[in-house]
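# using only what follows, build the 3D model:
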Amino acid sequence: QVQLVESGGGLVQAGGSLRLSCADSTRTLTNSAMAWFRQAPGKEREFVAVISPRGTYTYYKESLNGRFTISRGDAQNTVQLHMNDLEPEDTGVYYCAAGNRYGLTYLETTTTWTYWGQGTQVTVSS
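Numbers count the residues shown, from 1 in each chain. Alright, predicted model coming up:
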């Protein structure tokens, strides 16, 4: 059973940084793209970033303006999200996703992804 486990969330002041990590404990998703989504209170889950299996392709939510960086670990079964210059609007539960059903299309859509982590809370205070 594939299990994605996120870590690294927390409370940070505006302008600060956090690094989120997600690990595929079964090591069966090394050939899958991996992505981060987030969900703010009262809002729908939204796409944040995606990375290809070997880390050669990345794509981000446009409005992030370069503040976030997605990367994969050496073992390919982990993915990180480095978040800099955080804003209160970045507050939400951040979810890791893997197992994209349609190749490199529809990556921003939640239904594209087969596996989800349990989420980690990120709170940015003003």
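# mind jotting down where the strands sit in this structure?
4-7, 10-13, 18-24, 34-39, 46-51, 58-60, 68-72, 78-83, 92-100, 113-116, 120-125 (DSSP state E).
# how about those, which one is nearest Leu107?
strand 46-51 (4.8 Å; Cβ to Cβ). To be clear about C-beta, it is placed using only N, CA and C from the backbone, and glycine gets the same treatment.
# what does the closest one contact?
With contacts defined as Cβ atoms under 8 Å, 6 or more residues apart in numbering, strand 46-51 is touched by 33-39, 57-61, 64, 68, 70-72, 79, 81, 94, 107-110.
# about what we covered before: with mean neighbour count as extra columns, can I get the strands of the chain in TSV?
Putting the strands of the chain into TSV (neighbours: other Cβ atoms under 10 Å) gives the following:
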stretch	mean neighbour count
strand 4-7	18
strand 10-13	13
strand 18-24	21
strand 34-39	24
strand 46-51	21
strand 58-60	16
strand 68-72	18
strand 78-83	22
strand 92-100	23
strand 113-116	18
strand 120-125	17
